[in-house]
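K.L.:
I'll drop the sequence and a predicted model, then ask my questions.
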Amino acid sequence: MKASDLRNKSTAELQQELESLLRAQFSLRMRHATQQLTNTSEIGVVRRDIARVRTLIGEATRKA
């Protein structure tokens with residue numbers, strides 16, 4: 001997910017994206033804990049995406 005794609009979204013859309021990423025992160029953590037996750041690098045990718053979305057939400061709130 002690129003920040004340029006996220007910048008075109010509204011704050012409400014970013015909130016929805018954040019919620020889905022947090023659910024995905026939880027799912028990956030549970031799969032990792034039960035040793036069903038084969039590609040553990042997915043966890044880091046999702047974490048960076050969450051940080052990206054949270055940063056853009058913060059920028060939007062500071063602008064307003």
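P.N.:
Everything's here; your move.

K.L.:
For stretch 12-29, buried residues please.
P.N.:
Using 16 or more other CB atoms under 10 Å as the test for burial, stretch 12-29 gives 14, 17, 18, 21, 24, 25, 28. The way it works is simple: take the backbone N, C-alpha and C, and place the C-beta from them, glycine included.

K.L.:
any idea which element the third one lies in?
P.N.:
Assessed by DSSP states H and E, residue 18 sits inside helix 11-33.

K.L.:
Tell me what angle the helix or strand just after that helix forms with helix 11-33.
P.N.:
Later in the chain than helix 11-33, the nearest helix or strand by DSSP H and E is helix 41-63. Angle, helix 41-63 to helix 11-33, by axes from the mean of the first three to the mean of the last three CA atoms, to 10 degrees: 160 degrees.

K.L.:
Which elements pack onto the helix or strand of the chain with the lowest mean pLDDT?
P.N.:
Within the chain, no helix or strand scores below helix 3-7, which has a mean of 89 by mean pLDDT, DSSP states H and E. Counting contacts by 3 or more CB pairs under 8 Å, 6 or more residues apart in numbering; DSSP states H and E, helix 3-7 packs against helix 41-63.

K.L.:
CA atoms only for the helix it packs on - export them in CSV, please.
P.N.:
Only the C-alpha atoms of helix 41-63 are listed here, as CSV (Å, rounded to 0.1, in the frame of the first residue of the first chain):
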residue,chain,number,x,y,z
SER,A,41,7.3,-11.0,7.0
GLU,A,42,3.6,-10.3,6.5
ILE,A,43,3.3,-9.1,10.1
GLY,A,44,5.9,-6.4,9.5
VAL,A,45,4.2,-5.3,6.2
VAL,A,46,0.9,-4.9,8.0
ARG,A,47,2.5,-3.0,10.9
ARG,A,48,4.1,-0.5,8.5
ASP,A,49,0.7,-0.1,6.7
ILE,A,50,-0.9,0.6,10.0
ALA,A,51,1.7,3.2,10.8
ARG,A,52,1.2,4.8,7.4
VAL,A,53,-2.5,5.1,7.8
ARG,A,54,-2.2,6.5,11.4
THR,A,55,0.3,9.1,10.2
LEU,A,56,-2.1,10.3,7.5
ILE,A,57,-5.0,10.4,9.9
GLY,A,58,-2.8,12.5,12.2
GLU,A,59,-1.8,14.8,9.4
ALA,A,60,-5.5,15.3,8.4
THR,A,61,-6.5,16.2,11.9
ARG,A,62,-3.7,18.7,12.3
LYS,A,63,-4.6,20.4,9.1
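
K.L.:
I'm done for today, thanks for sticking with me.
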